[in-house]
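> everything below, folded, please.
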Amino acid sequence: MRIALAQMSMGTAIAGNVDTSVALIAQAADRHADMIVFPEIQYSPFFPQYPASDTPLDAAGYAMHIDDPAIQAIREACKANRIMACPNVYLEHDDGRRYDTTLVIDAQGRVLGMQGMVHIAQAERFYERDYYTPDDAIRVIGTPFGDIGVCVCFDRHYPETIRTLALRGADLVIIPTANTSAEPEEMFLQEVRVQAFQNSVNIAMCNRVGVEDAMRFDGRSVVVGPDGQVIAMAGEEPELLVADLDLAAAKAMRDAKPYTRLRRPELYV
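Residues are numbered from 1 along each chain as shown. As a prediction, the model looks like this:
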C-alpha cells in the first residue's frame, strides 16, 4: 500500500484546519496514496500544553461528536477521492467523556473503527489528564489492505501497546503524535525503529509542525518497515510524506524471525 503522512501545522479555527486537512487528502490521492494519516488533535492548537485551570484556549470548543461537520468533511473527502484516512480528533462521547481519538475511515467514507489514547500523560506542557479520558481497550482494525493498529502519541512509550497490537495481528501501526524540539528527537526515532523490529510490524508516525506558545513541534514524521529500517522521513516543515509499504512483509518477517512466537509470558511480571 502507499501511505501518506500529513505533517501539518494547526491554527486556532477549526474551519481552517478542516480546509487544510481536506486539501491534503486531495493531494495524497493525486499522489496515488491508499491512506492518509494525520497528527494528533489536527483540528486545534495543542491545548494540553496548558493546565485546564490556567488556559487561554477554550478546549471544550474543540470537542466534537462523531457526526460533527468537521469529521463529516473528512468522510466526504475520502469518498470523493477514493482514499482511506486516519484523522485524530478531540472526540466527545454521548456520556460527555472526551478522548484523544483516531478514526479509521475507508475509501467510501465509512468509519471502520476508532482508537483513543490509553495511557494519559500529566507533565509540564502535557497536562493531558486535565482533558482526556483513557480508552479502555487496544484494538486492531481490519481494512482492505490489512489489519491496522493505532497507538496515540504517549502510548508508544509503553512497549506493551505496540507489542499487543502486533500479537493481535496488526500489519501496520500508525502513531499520531505531537513531538517537540525540546524532547530527545533521536531517541524517538530509535524507539519507533526498535519497536518495529522487535514486533515485526510496519510503523508510520505522523507529527505536527509549527510553534504554539512555548512549544515547537518538530515534524520528522517517519515510516519504518518491519525490519526496523527507515523507509521515509520528513523534515521540520509542513510536508506530505508519501511512502510505499508492504504490509504482507510484517507476517513474512514474523515467520522468518519469530520473536513474538518465542515469547515466554509465564515468566514476565
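> quick one, strands of the stretch 101-250 of the chain?
All strands of the stretch 101-250 of the chain, identified by DSSP state E, counting those that start in this stretch, fall at 111-116, 140-143, 146-150, 172-176, 202-206, 209-212, 215-218, 222-224, 230-233, 239-244.
> pipe these into JSON lines and attach mean neighbour count per row.
Every C-beta, even on glycine, is put in place using the N, C-alpha and C of the backbone. Shown next, in JSON lines, are the strands of the stretch 101-250 of the chain (neighbours: other CB atoms under 10 Å):
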{"stretch": "strand 111-116", "mean neighbour count": "20"}
{"stretch": "strand 140-143", "mean neighbour count": "18"}
{"stretch": "strand 146-150", "mean neighbour count": "24"}
{"stretch": "strand 172-176", "mean neighbour count": "28"}
{"stretch": "strand 202-206", "mean neighbour count": "28"}
{"stretch": "strand 209-212", "mean neighbour count": "17"}
{"stretch": "strand 215-218", "mean neighbour count": "20"}
{"stretch": "strand 222-224", "mean neighbour count": "26"}
{"stretch": "strand 230-233", "mean neighbour count": "16"}
{"stretch": "strand 239-244", "mean neighbour count": "18"}
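> quick one: closest of the ones you listed to I14.
strand 209-212 (15.4 Å; CB to CB).
> who's in contact with the nearest residue to E185 once chain neighbours are set aside?
With CB to CB, 6 or more residues apart in numbering as the measure, D218 is the residue that lies nearest to E185, at 5.9 Å, once sequence neighbours are left out. Neighbouring residues of D218 by CB atoms under 8 Å, 6 or more residues apart in numbering: 179-181, 183, 185, 207, 209, 236.
> so who does L5 touch?
Contacts of L5 (CB under 8 Å, 6+ apart): 36-37, 204-206, 221, 223, 234, 240-243.
> what do you get if the cut-off is 7 Å, keeping everything else the same?
Taking CB atoms under 7 Å, 6 or more residues apart in numbering, we find L5 in contact with 37, 204, 206, 221, 223, 234, 241.
> the first one touches C86, doesn't it?
Yes: with contacts defined as CB atoms under 7 Å, V37 counts as touching C86 at a distance of 4.6 Å.
> please identify every residue contacting each of these two.
By CB under 7 Å, 6+ apart, the residues touching both V37 and C86 are I174.
> so between those two, which is more surrounded?
V37 (30 against 27; other CB atoms under 10 Å).
> and the more buried one, how close does it get to H119?
20 Å (CB to CB, to the nearest Å).
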